[in-house]
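Asker: predicted coordinates and the sequence they were generated for:
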Amino acid sequence: MRQDQEEPYQRRSARVYAAADRAGSAGSRHLTARPRGVLYDAVLLDRDGTLIEDVPYNGDPEKVRPVPGARAALDRLRAAGLRLAVVTNQSGLARGYFTGEQMRAVHARVEELLGRFDAWLVCPHDDEDRCDCRKPAPGLVHAAARELGTTASRCVLVGDIGRDIAAALAAGATGVLVPTPVTRPEEVAAAGWTAGDLPAAVDEILRRQQAVRPATPPAEPVRTALVVRSDSAGDVLVTGPAIRAVAAGAQRVVLLCGPRGRAAAELLPGVDEIIEHPLPWIDSTPGPVDPEDMRGLITRLGAVGAEQAVVFTSFHQSALPLALLLRMAGIGRIAAISDDYPGSLLDVRHRVPVGVPEPERALSLAAAAGHRLPEDDEPVLRLRHDAVAARPSGLGDPGYVVLHPGSAASSRACPPEVATRIAGALTAAGHRVLVTGGRDERNVTARVAAAGGVDLGGRTDLAGLAGIVADAGAVVVGNTGPAHLAAAAGVPVVSLFAPTVPFGQWGPYRVPTVRLGDAAAPCRDTRAASCPVPGHPCLSGVDPDEVVDALRMLAVGGGGGR
């Protein structure tokens, strides 16, 4: 029974059962100074269906039955230094099905069987209370992070239904769905990360944590490192944490990028020099291979004087053609992800399981090459403050909502008629709306802004758009570059995500997010640049009221408050 699957959003301030209601737990043990270069400080766990068998409205300790393998899995997390907290909806308290004393007795039995937890966070409300802590609202996640002395972005939440994952995303945490017989197919489709059971979820949490830590760091800094990401602006932005990791261990970093990624490359911290050159095996609309052009690129790469190269690619691209050119340029140590046999082209051949977020995928390659983020850096997207342009005058105070309907790949753009209705609904709800887009999207932005908002189509370059996004209360956008600009600025995202690529790899990274759209649409995982299904069904069914509710979930109020 899914007693926690009722009203989707709540508005009233949370009243959360926390430290005093931990039923014999060890008390509040805040984290001391923790390394910031790791992915996670804490694992938050749903109770019913995740840690123990789901007995509806259970107030009887004798009915507590741990899920298979739970104790050993939790002990592995504890041994790895991760703090553990339970985050659970218990509307049975409000409904009078059990008392607070009975609930604490159940929790004491859970700890007797599964070991101590560092915190228990309980939402005791019913739907009519309209609180901010009942999942899928993010209140419990934020409360748990505070109780553990960390931030939501450094937490991973394991749960068995969609509202657990939605709460994690809305807080900016990572969500892992462990489906059970009551988990709905659409919830599985929408989850960015799924695991077969709790032990499997723990295996992957620990694997990802370890993957960004180099086994053998270089004995001394590299003088010059060449890093490569030849793709679009969004691809370059999500590689930023890995480039910063390389920069932490190198005196000079040279970035090779393509024309579509140049503007994003100029925004990245840690880059000392940029080489712009299109690669015909990467570009989406490549010209013929020109031998003379390739010989010129080899000469240019050789002149860099790099001691090592780290070639970052997306999960569907090959690093081997460039690795051959790098060998011909005389670069002695080359690292890349490659499922194909590389022969002598690579010194570090790295592999990454399917489904890892692109920033972490790149960070794990940097680690395999011997680099990691410094202790005072977070594994999040960042921009150079001195490279972000000031936003245009006349836009009013910060806190507006940016609506970006377009995308370089039309399959990931919001249909103009849907974006127009969204603009009208946001304006009616009291939000100030700025509609952004490139020069080739001015007809669309003008149409959308006519329903409510300021048309900024074609008025800014990427650095200017970054300045506009940085002052936004939230960004409503598909899975395209401005979503990653928002993540880099720490601005919440309402993600109109077309499932042509996996959300777990390409969703906004470590920033409060609400995902909208049909995750199970027929275009799922096609990687199509143009919509392969008539009517664009993955996004055409988005209700503008869902966007308004999503902003409320993200605590972005009408009138520009956040």
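Answerer: Great, that's in hand. Numbers count the residues shown, from 1 in each chain.

Asker: dump the residue contacts of the closest residue to Gly59 other than its chain neighbours.
Answerer: Excluding the flanking residues, the one nearest Gly59 by C-beta to C-beta, 6 or more residues apart in numbering is Phe98, at 2.7 Å. Yep, even glycine has a C-beta here, placed from its N, CA and C like the rest. By C-beta atoms under 8 Å, 6 or more residues apart in numbering, the residues touching Phe98 are 57-59, 92.

Asker: okay, and which of the residues you listed map to strands?
Answerer: Using DSSP state E, no member of the contacts of Phe98 falls in strands.

Asker: quick check on the residues you listed: which are buried?
Answerer: 57-59, 92 (16 or more other C-beta atoms under 10 Å).

Asker: thinking again about what came up before, state the distance from the residue nearest to Gly59 to Ala519.
Answerer: Between Phe98 and Ala519 the distance is 35 Å, computed by C-beta to C-beta, to the nearest Å.

Asker: now stretch 273-291, how far from the centre of its chain.
Answerer: Computed by C-alpha atoms, centre = their mean, to the nearest Å, the chain-centroid distance of stretch 273-291 equals 29 Å.

Asker: residues making contact with that stretch?
Answerer: 230-231, 252-260, 262, 265-266, 297, 300-301, 304, 313, 317-318, 321-322, 529.

Asker: those residues, buried ones only, as a ChimeraX selection?
Answerer: With 16+ other C-beta under 10 Å as the criterion, this ChimeraX line picks the buried residues out of the contacts of stretch 273-291:
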select :230,231,252,253,254,255,256,257,258,260,262,265,266,297,301,304,313,317,318,321,322
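
Asker: extract the residue ranges of the stretch 151-300 of the chain that are flagged as low pLDDT.
Answerer: Low-confidence segments of the stretch 151-300 of the chain, defined by pLDDT under 70: 217-219.

Asker: now do the same contact list for His404.
Answerer: Residues in contact with His404 (C-beta under 8 Å, 6+ apart) are 435-437, 475-478, 480, 482.

Asker: can you give me phi and psi for it?
Answerer: Dihedral angles of His404 (phi, psi; degrees, to the nearest 10) stand at phi -120, psi 100.

Asker: state the pLDDT value of it.
Answerer: pLDDT, His404: 97.

Asker: hey, which helix or strand in this protein has the poorest pLDDT?
Answerer: Counting by mean pLDDT, DSSP states H and E, the weakest-scoring helix or strand in the chain turns out to be helix 92-95, with a mean of 91.

Asker: ok, the contacts of His404 vs Val352, which is closest?
Answerer: Thr480 (23.0 Å; C-beta to C-beta).

Asker: my guess is the closest one contacts Ala409. True?
Answerer: Yes - when contacts are counted by C-beta atoms under 8 Å, Thr480 is listed as touching Ala409 (7.4 Å).

Asker: comparing these two, which shows the higher neighbour count?
Answerer: Per other C-beta atoms under 10 Å, whichever of Thr480 and Ala409 has more neighbours is Thr480, with 24 against 20.

Asker: disregarding residues adjacent in the polypeptide, which is nearest to the more buried one?
Answerer: Excluding the flanking residues, the one nearest Thr480 by C-beta to C-beta, 6+ apart is Ser407, at 3.9 Å.

Asker: for that neighbour, which three-state class applies?
Answerer: coil (DSSP: H, G, I helix; E, B strand; the rest coil).

Asker: so which strand or helix has Val533?
Answerer: Under the criterion DSSP states H and E, no helix or strand holds Val533.

Asker: that one: what's it in contact with?
Answerer: 521-523.

Asker: and if we set it to 10 Å?
Answerer: Val533 is in contact with 411, 500, 521-524, 526, 540, counting by C-beta atoms under 10 Å, 6 or more residues apart in numbering.

Asker: got those residues as CSV, with distance to Arg244 columns?
Answerer: Formatted as CSV, the contacts of Val533 follow (distance: C-beta to C-beta, whole Å):
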residue, distance to Arg244
Ser411, 31
Thr500, 29
Ala521, 35
Pro522, 38
Cys523, 34
Arg524, 33
Thr526, 33
Ser540, 39
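
Asker: give me the buried entries from those.
Answerer: By 16+ other C-beta under 10 Å, the contacts of Val533 give 411, 500, 521, 523-524, 526, 540 as buried.

Asker: which one of those residues sits closest to Arg104?
Answerer: Looking across the buried ones among the contacts of Val533 and measuring by C-beta to C-beta, the closest to Arg104 is Arg524, at 43.7 Å.

Asker: just to revisit the earlier point, closest one of the contacts of Phe98 to Arg361?
Answerer: Asn58 (40.3 Å).

Asker: what about the buried ones among the contacts of Val533, which are in helices?
Answerer: Judged by DSSP state H, the buried ones among the contacts of Val533 include Ser540 as members of helices.

Asker: okay, now the unreliable bits of this structure?
Answerer: Judged by pLDDT under 70, the stretches of the chain that qualify are 1-37, 217-219, 559-562.

Asker: 80 - rerun?
Answerer: Counting by pLDDT under 80, the chain shows low-confidence ranges at 1-37, 127-128, 215-220, 558-562.

Asker: ok, how many other residues are close to Asn429?
Answerer: Small correction: residue 429 is Ala, not Asn. Residues within reach of Ala429, counting by other C-beta under 10 Å, total 20.

Asker: and for Val271?
Answerer: 23.

Asker: isn't it right next to Arg382, touching?
Answerer: No - Val271 lies out of contact with Arg382 (C-beta atoms under 10 Å); the separation is 11.7 Å.

Asker: overlap in contacts of those two?
Answerer: With contacts defined as C-beta under 10 Å, 6+ apart, the residues shared by Val271 and Arg382 are 240, 244.

Asker: before we move on, the earlier item: so which of the contacts of stretch 273-291 are in helices?
Answerer: 262, 265, 297, 300-301, 304, 321-322.

Asker: reformat those residues as TSV; add distance to Ile468.
Answerer: Below are the ones in helices among the contacts of stretch 273-291 laid out as TSV (distance: C-beta to C-beta, whole Å):
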residue	distance to Ile468
Arg262	20
Ala265	20
Leu297	35
Arg300	35
Leu301	36
Val304	34
Pro321	37
Leu322	34
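
Asker: Thr224: which of those is nearest?
Answerer: Nearest member of the ones in helices among the contacts of stretch 273-291 to Thr224, counting by C-beta to C-beta, is Val304, at 6.4 Å.

Asker: and the gap between the closest residue to that closest one other than its chain neighbours and Ala264?
Answerer: Nearest in space to Val304, with sequence neighbours left out and distances taken as C-beta to C-beta, 6+ apart, is Val254 at 5.1 Å. With the distance defined as C-beta to C-beta, Val254 ends up 16 Å from Ala264.
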